[in-house]
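Colleague: Only the shape, not the letters, is given here:
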């Protein structure tokens, strides 16, 4: 871990054809902590774009790349950042929306956001949901 070694109970599974056993933690995942912010309010739904997940963090921690959603009839996503001592809050929106007819197909695009200082141990949050940004590629 970032604070030193951690010891947890583990299951070891011997698999035919593999030299080493498969190891998995013998614990149920803990619940996420209560977010330090609440979901966004008073923002028109058509101005928001979904933040779908974390794509990566630069080696120096000075930028993060997230997957942001937008529609077929707009100019793409934009992601704004608010940095505090304990968190980095990302707010996704859609640029250049069009009121005309459009399909309801969601497009996903990688957006890189530069940070004032390395991400480090700060919590990466989605301003729309108030929850941590998923590192599994999809936040919703």
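Modeller: Great, that's in hand. These figures come from a predicted structure and were not determined experimentally. Residues are numbered from 1 along each chain as shown.

Colleague: Go ahead and flag the most central residue of the protein.
Modeller: Nearest to the mean C-alpha position of the chain, by Cα atoms, centre = their mean, lies residue 133 at 2.8 Å.

Colleague: tell me the contacts of it?
Modeller: Neighbour list for residue 133: 51, 53, 54, 66, 90, 124, 125, 126, 139 [criterion: Cβ atoms under 8 Å, 6 or more residues apart in numbering]. No exception for glycine: its C-beta is placed from N, CA and C like everyone else's.

Colleague: Any chance you could list what contacts the worst-scoring helix or strand of the chain on mean pLDDT?
Modeller: Every helix and strand of the chain was ranked by mean pLDDT, DSSP states H and E. The lowest is strand 22-25, at a mean of 82. Strand 22-25 is contacted from outside by 8, 9, 10, 11, 12, 13, 15, using Cβ under 8 Å, 6+ apart.
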